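Participant: mind folding the following:
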Amino acid sequence: MFITPEGKEIFVVDGHTHFWDGSPENQRNIHGKQFVECFYAYHTALSPREQLWEKSKFEKYSADDLYRDLFIDGPDDVAIVQSTYLKDFYKNGFNTVERNSEMAKRYPERFIVNGSFDPRDGQKALEYIHFMKETYDIKGVKMYTAEWNGASKGWRLNDPAAYRCFELCEKLGIKNVHVHKGPTIIPLNKDAFDVHDVDYAATDFQNLNWIVEHCGLPRLDDFCWIAVQETNVYGGLAVALPFIHSRPRYFAEVISELLFWAGPEKILFGSDYAIWTPRWLVEKFWAFELPEDIKQERGVDLTPEIKEKILGLNAARLYDIDIEAKKAAFARSPFSIAAE
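Facilitator: Okay, here's the model as predicted:
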(Lines give C-alpha, C1' and ligand atoms only; values in the text may rest on other atoms or scores of the structure.)
Protein backbone atom coordinates (compact mmCIF):
# COMPACT_ATOMS: atom_id res chain seq x y z
CA MET A 1 0.00 0.00 0.00
CA PHE A 2 1.26 3.44 -0.87
CA ILE A 3 0.49 6.18 1.64
CA THR A 4 0.51 9.66 0.15
CA PRO A 5 2.08 12.59 2.03
CA GLU A 6 -1.49 13.62 2.84
CA GLY A 7 -2.15 10.25 4.46
CA LYS A 8 -4.38 8.72 1.75
CA GLU A 9 -4.02 5.00 1.07
CA ILE A 10 -3.50 4.17 -2.61
CA PHE A 11 -4.04 0.59 -3.79
CA VAL A 12 -1.20 -0.32 -6.16
CA VAL A 13 -1.37 -3.02 -8.83
CA ASP A 14 2.01 -3.45 -10.47
CA GLY A 15 1.06 -4.64 -13.93
CA HIS A 16 4.49 -5.62 -15.19
CA THR A 17 6.91 -7.66 -13.06
CA HIS A 18 9.26 -10.59 -13.68
CA PHE A 19 11.00 -13.41 -11.85
CA TRP A 20 13.75 -14.23 -14.30
CA ASP A 21 16.91 -16.29 -14.46
CA GLY A 22 19.40 -14.61 -16.77
CA SER A 23 22.43 -16.08 -15.04
CA PRO A 24 25.43 -17.33 -17.05
CA GLU A 25 24.55 -20.89 -16.00
CA ASN A 26 21.17 -20.56 -17.74
CA GLN A 27 22.42 -18.77 -20.84
CA ARG A 28 22.26 -21.05 -23.87
CA ASN A 29 24.45 -18.87 -26.09
CA ILE A 30 25.81 -15.36 -26.65
CA HIS A 31 22.30 -14.06 -27.22
CA GLY A 32 21.26 -14.89 -23.67
CA LYS A 33 24.20 -12.85 -22.44
CA GLN A 34 23.35 -9.97 -24.78
CA PHE A 35 19.70 -9.92 -23.76
CA VAL A 36 20.19 -9.66 -20.00
CA GLU A 37 23.05 -7.20 -20.44
CA CYS A 38 20.73 -4.98 -22.48
CA PHE A 39 18.21 -5.12 -19.62
CA TYR A 40 20.99 -4.19 -17.22
CA ALA A 41 21.92 -1.22 -19.41
CA TYR A 42 18.34 0.09 -19.12
CA HIS A 43 18.61 -0.41 -15.35
CA THR A 44 21.86 1.52 -14.98
CA ALA A 45 20.93 4.29 -17.43
CA LEU A 46 17.52 5.21 -15.99
CA SER A 47 17.70 4.35 -12.27
CA PRO A 48 18.69 6.74 -9.48
CA ARG A 49 22.25 5.97 -8.40
CA GLU A 50 21.15 4.68 -4.99
CA GLN A 51 18.85 2.12 -6.67
CA LEU A 52 21.54 0.38 -8.73
CA TRP A 53 22.12 -3.36 -8.30
CA GLU A 54 25.23 -5.45 -8.77
CA LYS A 55 25.09 -7.23 -12.12
CA SER A 56 25.21 -10.72 -10.59
CA LYS A 57 22.11 -10.02 -8.48
CA PHE A 58 20.33 -8.48 -11.46
CA GLU A 59 20.94 -11.60 -13.54
CA LYS A 60 19.31 -13.87 -10.96
CA TYR A 61 17.61 -12.64 -7.81
CA SER A 62 15.69 -14.68 -5.26
CA ALA A 63 11.97 -14.99 -4.60
CA ASP A 64 12.64 -13.33 -1.25
CA ASP A 65 14.30 -10.39 -3.01
CA LEU A 66 11.28 -9.99 -5.24
CA TYR A 67 8.74 -10.16 -2.43
CA ARG A 68 10.70 -7.72 -0.28
CA ASP A 69 11.23 -5.20 -3.07
CA LEU A 70 7.60 -5.23 -4.19
CA PHE A 71 5.64 -5.56 -0.97
CA ILE A 72 7.73 -4.97 2.16
CA ASP A 73 10.06 -2.19 1.05
CA GLY A 74 7.88 -1.37 -1.95
CA PRO A 75 4.33 -0.01 -2.35
CA ASP A 76 2.72 -2.85 -4.32
CA ASP A 77 -0.45 -4.53 -3.11
CA VAL A 78 -0.76 -6.95 -6.04
CA ALA A 79 1.82 -7.74 -8.72
CA ILE A 80 1.16 -9.26 -12.13
CA VAL A 81 4.06 -11.50 -13.14
CA GLN A 82 4.59 -11.63 -16.90
CA SER A 83 6.10 -14.78 -18.40
CA THR A 84 8.74 -14.52 -21.15
CA TYR A 85 10.31 -17.75 -22.38
CA LEU A 86 13.16 -16.99 -24.84
CA LYS A 87 14.17 -20.64 -24.93
CA ASP A 88 16.39 -20.02 -27.95
CA PHE A 89 18.54 -17.95 -25.57
CA TYR A 90 18.07 -19.65 -22.16
CA LYS A 91 18.32 -23.34 -21.33
CA ASN A 92 15.38 -23.36 -18.91
CA GLY A 93 13.68 -20.30 -20.31
CA PHE A 94 14.08 -16.77 -19.02
CA ASN A 95 10.90 -16.34 -17.02
CA THR A 96 8.41 -19.20 -17.51
CA VAL A 97 4.91 -19.66 -16.11
CA GLU A 98 6.11 -22.76 -14.27
CA ARG A 99 8.93 -20.87 -12.53
CA ASN A 100 6.70 -17.90 -11.79
CA SER A 101 3.86 -20.01 -10.41
CA GLU A 102 6.14 -21.98 -8.13
CA MET A 103 7.29 -18.71 -6.60
CA ALA A 104 3.84 -17.13 -6.47
CA LYS A 105 2.15 -20.01 -4.64
CA ARG A 106 4.03 -18.90 -1.51
CA TYR A 107 2.04 -15.64 -1.64
CA PRO A 108 -1.22 -16.39 -3.47
CA GLU A 109 -2.96 -13.20 -2.34
CA ARG A 110 -0.20 -11.03 -3.76
CA PHE A 111 0.56 -12.41 -7.22
CA ILE A 112 -1.28 -12.89 -10.48
CA VAL A 113 0.78 -15.00 -12.87
CA ASN A 114 0.25 -14.63 -16.61
CA GLY A 115 1.23 -17.25 -19.11
CA SER A 116 2.72 -17.06 -22.57
CA PHE A 117 2.68 -19.05 -25.79
CA ASP A 118 4.16 -18.96 -29.26
CA PRO A 119 1.64 -19.34 -32.12
CA ARG A 120 4.41 -20.64 -34.37
CA ASP A 121 4.27 -23.87 -32.36
CA GLY A 122 0.94 -24.67 -34.01
CA GLN A 123 -1.10 -27.39 -32.29
CA LYS A 124 1.37 -27.50 -29.40
CA ALA A 125 0.61 -23.84 -28.66
CA LEU A 126 -3.11 -24.62 -28.40
CA GLU A 127 -2.43 -27.56 -26.13
CA TYR A 128 -0.18 -25.40 -23.96
CA ILE A 129 -2.89 -22.75 -23.57
CA HIS A 130 -5.22 -25.49 -22.32
CA PHE A 131 -2.51 -26.69 -19.94
CA MET A 132 -1.88 -23.24 -18.48
CA LYS A 133 -5.58 -22.60 -17.94
CA GLU A 134 -6.23 -26.00 -16.37
CA THR A 135 -3.07 -25.99 -14.22
CA TYR A 136 -2.70 -22.34 -13.22
CA ASP A 137 -6.09 -20.80 -14.09
CA ILE A 138 -4.34 -17.94 -15.87
CA LYS A 139 -6.30 -14.74 -16.52
CA GLY A 140 -3.84 -13.27 -18.99
CA VAL A 141 -0.87 -13.86 -21.26
CA LYS A 142 2.24 -11.96 -22.29
CA MET A 143 3.09 -11.87 -25.99
CA TYR A 144 6.63 -11.32 -27.27
CA THR A 145 6.27 -10.92 -31.02
CA ALA A 146 10.02 -10.49 -31.63
CA GLU A 147 10.97 -13.73 -29.89
CA TRP A 148 13.13 -16.06 -31.96
CA ASN A 149 11.91 -19.56 -32.74
CA GLY A 150 14.44 -21.48 -34.80
CA ALA A 151 14.82 -19.72 -38.14
CA SER A 152 11.89 -17.39 -37.45
CA LYS A 153 12.80 -13.98 -36.00
CA GLY A 154 9.29 -12.82 -35.11
CA TRP A 155 5.55 -13.04 -35.76
CA ARG A 156 2.50 -10.78 -35.95
CA LEU A 157 -0.63 -10.64 -33.82
CA ASN A 158 -2.80 -10.98 -36.93
CA ASP A 159 -1.08 -14.11 -38.25
CA PRO A 160 -3.63 -16.93 -38.81
CA ALA A 161 -1.86 -19.13 -36.24
CA ALA A 162 -2.06 -16.31 -33.68
CA TYR A 163 -5.77 -15.84 -34.33
CA ARG A 164 -6.41 -19.51 -33.58
CA CYS A 165 -4.68 -19.03 -30.24
CA PHE A 166 -6.62 -15.87 -29.41
CA GLU A 167 -9.88 -17.60 -30.30
CA LEU A 168 -9.01 -20.25 -27.72
CA CYS A 169 -8.04 -17.62 -25.14
CA GLU A 170 -11.41 -15.94 -25.63
CA LYS A 171 -13.21 -19.27 -25.27
CA LEU A 172 -11.33 -20.14 -22.05
CA GLY A 173 -11.75 -16.71 -20.45
CA ILE A 174 -8.11 -15.67 -20.76
CA LYS A 175 -9.07 -12.09 -21.48
CA ASN A 176 -6.00 -9.93 -20.82
CA VAL A 177 -3.35 -9.97 -23.54
CA HIS A 178 -0.21 -8.03 -22.64
CA VAL A 179 1.90 -7.34 -25.71
CA HIS A 180 5.48 -6.09 -25.69
CA LYS A 181 5.39 -3.23 -28.17
CA GLY A 182 8.28 -1.08 -27.11
CA PRO A 183 12.04 -0.75 -27.29
CA THR A 184 13.99 -3.57 -28.83
CA ILE A 185 16.40 -5.67 -26.79
CA ILE A 186 19.53 -6.99 -28.45
CA PRO A 187 19.55 -9.28 -30.47
CA LEU A 188 15.81 -9.01 -31.23
CA ASN A 189 14.61 -7.10 -34.30
CA LYS A 190 13.02 -3.69 -33.77
CA ASP A 191 10.51 -4.12 -36.59
CA ALA A 192 9.11 -7.28 -34.98
CA PHE A 193 7.89 -5.10 -32.09
CA ASP A 194 6.00 -2.76 -34.44
CA VAL A 195 2.62 -1.76 -33.00
CA HIS A 196 0.47 -1.81 -36.14
CA ASP A 197 -0.75 -5.40 -35.74
CA VAL A 198 -2.47 -4.42 -32.47
CA ASP A 199 -5.04 -2.57 -34.58
CA TYR A 200 -6.07 -5.77 -36.38
CA ALA A 201 -6.20 -8.01 -33.33
CA ALA A 202 -8.07 -5.52 -31.13
CA THR A 203 -10.72 -5.02 -33.81
CA ASP A 204 -11.17 -8.73 -34.41
CA PHE A 205 -11.18 -9.74 -30.72
CA GLN A 206 -13.41 -7.23 -28.99
CA ASN A 207 -13.81 -9.40 -25.89
CA LEU A 208 -10.09 -9.39 -25.15
CA ASN A 209 -8.22 -6.56 -23.48
CA TRP A 210 -5.01 -5.59 -25.30
CA ILE A 211 -2.50 -4.05 -22.90
CA VAL A 212 0.30 -2.60 -25.01
CA GLU A 213 3.32 -2.68 -22.75
CA HIS A 214 5.69 0.26 -23.03
CA CYS A 215 2.85 2.09 -24.85
CA GLY A 216 4.53 1.42 -28.18
CA LEU A 217 7.69 3.46 -27.52
CA PRO A 218 9.39 4.64 -29.63
CA ARG A 219 6.20 4.48 -31.75
CA LEU A 220 4.03 6.52 -29.37
CA ASP A 221 2.08 8.34 -32.08
CA ASP A 222 1.15 5.07 -33.79
CA PHE A 223 0.00 3.59 -30.51
CA CYS A 224 -2.07 6.64 -29.55
CA TRP A 225 -3.90 6.73 -32.88
CA ILE A 226 -4.81 3.06 -32.37
CA ALA A 227 -5.76 3.41 -28.71
CA VAL A 228 -8.11 6.32 -29.31
CA GLN A 229 -10.32 4.27 -31.64
CA GLU A 230 -10.03 0.80 -30.10
CA THR A 231 -11.94 0.71 -26.81
CA ASN A 232 -10.16 -2.47 -25.69
CA VAL A 233 -6.57 -1.16 -26.11
CA TYR A 234 -4.64 0.03 -23.04
CA GLY A 235 -1.18 1.46 -22.47
CA GLY A 236 1.31 0.04 -19.96
CA LEU A 237 3.81 2.51 -18.50
CA ALA A 238 6.70 0.08 -18.02
CA VAL A 239 9.90 1.61 -19.49
CA ALA A 240 8.14 4.96 -20.04
CA LEU A 241 7.81 5.73 -16.32
CA PRO A 242 11.53 5.59 -15.35
CA PHE A 243 12.16 8.62 -17.56
CA ILE A 244 10.41 10.55 -14.78
CA HIS A 245 13.82 10.56 -13.04
CA SER A 246 16.34 11.04 -15.84
CA ARG A 247 14.23 13.00 -18.34
CA PRO A 248 11.13 14.40 -16.61
CA ARG A 249 10.17 16.65 -19.51
CA TYR A 250 10.17 13.68 -21.86
CA PHE A 251 8.00 11.72 -19.45
CA ALA A 252 5.61 14.66 -19.24
CA GLU A 253 5.27 14.60 -23.03
CA VAL A 254 4.59 10.86 -23.06
CA ILE A 255 2.02 10.80 -20.25
CA SER A 256 0.23 13.87 -21.58
CA GLU A 257 -0.11 12.27 -25.01
CA LEU A 258 -1.52 9.13 -23.40
CA LEU A 259 -3.98 11.17 -21.36
CA PHE A 260 -5.05 13.19 -24.40
CA TRP A 261 -5.58 10.23 -26.72
CA ALA A 262 -6.28 7.15 -24.60
CA GLY A 263 -7.65 8.80 -21.46
CA PRO A 264 -6.93 8.17 -17.77
CA GLU A 265 -8.94 4.92 -17.60
CA LYS A 266 -6.69 3.19 -20.15
CA ILE A 267 -3.22 3.67 -18.65
CA LEU A 268 -1.66 1.07 -16.32
CA PHE A 269 1.28 1.29 -13.93
CA GLY A 270 4.08 -1.24 -14.30
CA SER A 271 7.51 -1.15 -12.70
CA ASP A 272 9.09 -3.70 -15.06
CA TYR A 273 10.76 -5.25 -12.00
CA ALA A 274 13.60 -6.18 -11.76
CA ILE A 275 14.81 -3.63 -14.28
CA TRP A 276 13.44 -1.10 -11.81
CA THR A 277 12.00 -1.35 -8.30
CA PRO A 278 8.56 0.14 -7.72
CA ARG A 279 9.05 2.28 -4.62
CA TRP A 280 10.95 5.17 -6.20
CA LEU A 281 8.78 5.02 -9.31
CA VAL A 282 5.54 5.35 -7.35
CA GLU A 283 6.91 8.06 -5.08
CA LYS A 284 8.14 10.16 -8.00
CA PHE A 285 4.94 9.56 -9.98
CA TRP A 286 2.74 10.71 -7.11
CA ALA A 287 4.83 13.86 -6.66
CA PHE A 288 5.00 14.61 -10.39
CA GLU A 289 3.18 17.60 -11.87
CA LEU A 290 2.77 18.32 -15.55
CA PRO A 291 4.48 21.50 -16.72
CA GLU A 292 1.97 24.30 -17.17
CA ASP A 293 2.63 24.73 -20.89
CA ILE A 294 1.98 21.04 -21.55
CA LYS A 295 -1.25 21.16 -19.54
CA GLN A 296 -2.42 24.16 -21.51
CA GLU A 297 -1.50 22.75 -24.92
CA ARG A 298 -2.98 19.27 -24.38
CA GLY A 299 -5.87 20.31 -22.17
CA VAL A 300 -5.03 17.52 -19.71
CA ASP A 301 -3.83 17.27 -16.13
CA LEU A 302 -2.36 14.56 -13.93
CA THR A 303 -4.53 14.92 -10.85
CA PRO A 304 -4.40 12.74 -7.71
CA GLU A 305 -7.60 11.03 -8.86
CA ILE A 306 -6.05 10.16 -12.21
CA LYS A 307 -2.83 8.95 -10.56
CA GLU A 308 -4.88 6.62 -8.35
CA LYS A 309 -6.56 5.12 -11.41
CA ILE A 310 -3.23 4.57 -13.15
CA LEU A 311 -1.50 3.09 -10.08
CA GLY A 312 -4.10 0.45 -9.39
CA LEU A 313 -7.78 1.00 -10.09
CA ASN A 314 -7.52 0.45 -13.84
CA ALA A 315 -5.68 -2.87 -13.57
CA ALA A 316 -7.97 -3.97 -10.73
CA ARG A 317 -10.92 -3.47 -13.07
CA LEU A 318 -9.35 -5.52 -15.86
CA TYR A 319 -8.43 -8.38 -13.52
CA ASP A 320 -11.62 -8.34 -11.42
CA ILE A 321 -9.66 -7.60 -8.24
CA ASP A 322 -11.95 -6.92 -5.27
CA ILE A 323 -9.91 -4.22 -3.57
CA GLU A 324 -11.79 -4.24 -0.29
CA ALA A 325 -11.56 -8.03 -0.06
CA LYS A 326 -7.83 -7.82 -0.73
CA LYS A 327 -7.37 -5.21 1.99
CA ALA A 328 -9.22 -7.43 4.45
CA ALA A 329 -7.08 -10.43 3.50
CA PHE A 330 -3.88 -8.41 3.89
CA ALA A 331 -4.98 -7.21 7.33
CA ARG A 332 -5.31 -10.84 8.45
CA SER A 333 -1.89 -11.76 7.03
CA PRO A 334 0.93 -9.40 8.00
CA PHE A 335 4.01 -9.12 5.79
CA SER A 336 6.53 -11.92 6.19
CA ILE A 337 8.87 -13.96 4.01
CA ALA A 338 7.17 -17.31 3.52
CA ALA A 339 9.17 -20.52 3.83
CA GLU A 340 9.77 -22.43 0.61
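Participant: so what touches the helix or strand where Leu281 lies?
Facilitator: Using DSSP states H and E, Leu281 falls within helix 278-287. By Cβ atoms under 8 Å, 6 or more residues apart in numbering, the list of residues contacting helix 278-287 from outside reads 2, 4, 10, 12, 14, 47-48, 51, 69-70, 73-76, 241-242, 244-245, 269, 271, 304, 307, 310-311. In short, each C-beta sits where N, CA and C put it, glycine included.
Participant: buried residues of the following helix or strand past that helix, list them for me.
Facilitator: Next helix or strand after helix 278-287 toward the C-terminus (DSSP H and E): helix 292-298. Within helix 292-298, the residues that count as buried by 16 or more other Cβ atoms under 10 Å are 294-295, 298.
Participant: try stretch 296-316
Facilitator: The neighbour-count check on stretch 296-316 (16+ other Cβ under 10 Å) flags 298, 300, 302, 306-316 as buried.
Participant: about what we covered before: relative to the whole chain's centre, how far out is the helix holding Leu281?
Facilitator: Centroid separation between helix 278-287 and its chain, computed with Cα atoms, centre = their mean, to the nearest Å, is 17 Å.
Participant: quick revisit: so can I have a markdown table of the buried residues of helix 292-298 showing pLDDT?
Facilitator: Converted to a markdown table, the buried residues of helix 292-298 look like this (pLDDT from 0 to 100):
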| residue | pLDDT |
| --- | --- |
| Ile294 | 98 |
| Lys295 | 97 |
| Arg298 | 96 |
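Participant: what is the nearest of the residues you listed to Leu258?
Facilitator: Arg298 (10.1 Å; Cβ to Cβ).
Participant: you'd agree the closest one is up against Val254?
Facilitator: No. Assessed by Cβ atoms under 8 Å, Arg298 is found out of contact with Val254, at 11.5 Å.
Participant: ok, of the buried residues of stretch 296-316, which one's closest to Lys139?
Facilitator: Ala315 (11.3 Å).
Participant: please report phi then psi for that closest one.
Facilitator: Torsion angles at Ala315 (phi, psi; degrees, to the nearest 10) stand at phi -70, psi -40.
Participant: could you pull out the strands for the chain?
Facilitator: 2-3, 9-10, 13-17, 78-81, 111-113, 140-143, 176-180, 209-213, 233-236, 267-268 (DSSP state E).
Participant: out of those, which one sits most buried?
Facilitator: Highest mean neighbour count among the strands of the chain (mean count of other Cβ atoms under 10 Å): strand 13-17, with a mean of 28.
Participant: can you check what angle separates it from helix 278-287?
Facilitator: Going by axes from the mean of the first three to the mean of the last three Cα atoms, to 10 degrees, strand 13-17 is angled at 130 degrees with respect to helix 278-287.
Participant: distance from strand 13-17 to the middle of the chain?
Facilitator: Per Cα atoms, centre = their mean, the centroid offset for strand 13-17 relative to its chain is 6 Å.
Participant: show me what that strand is in contact with.
Facilitator: Applying Cβ under 8 Å, 6+ apart, the external contacts of strand 13-17 come out as 66, 70, 76-82, 178, 211, 213, 236, 238, 268-274, 278, 311-312, 315-316, 319, 321.
Participant: local confidence estimate at Trp159?
Facilitator: Wrong residue type there; residue 159 is Asp, not Trp. In this model, Asp159 is scored at 98, pLDDT.
Participant: now it: closest residue in space, sequence neighbours ignored.
Facilitator: Using Cβ to Cβ, 6 or more residues apart in numbering and skipping the chain neighbours, the partner closest in space to Asp159 is Pro119 (6.2 Å).
Participant: now the one you found: how far from Pro187?
Facilitator: 21 Å (Cβ to Cβ, to the nearest Å).
Participant: which one's more surrounded, those two?
Facilitator: Neighbours per residue (other Cβ atoms under 10 Å) separate Pro119 from Pro187, with Pro119 holding more: 22 against 17.
Participant: pull up the gap between the more buried one and Glu37, please.
Facilitator: Taking Cβ to Cβ as the measure, Pro119 and Glu37 are separated by 28 Å.
Participant: please apply the same query to Met1.
Facilitator: 35 Å.
Participant: and for Lys57, the neighbour number?
Facilitator: Lys57 sits with 11 neighbouring residues when counted by other Cβ under 10 Å.
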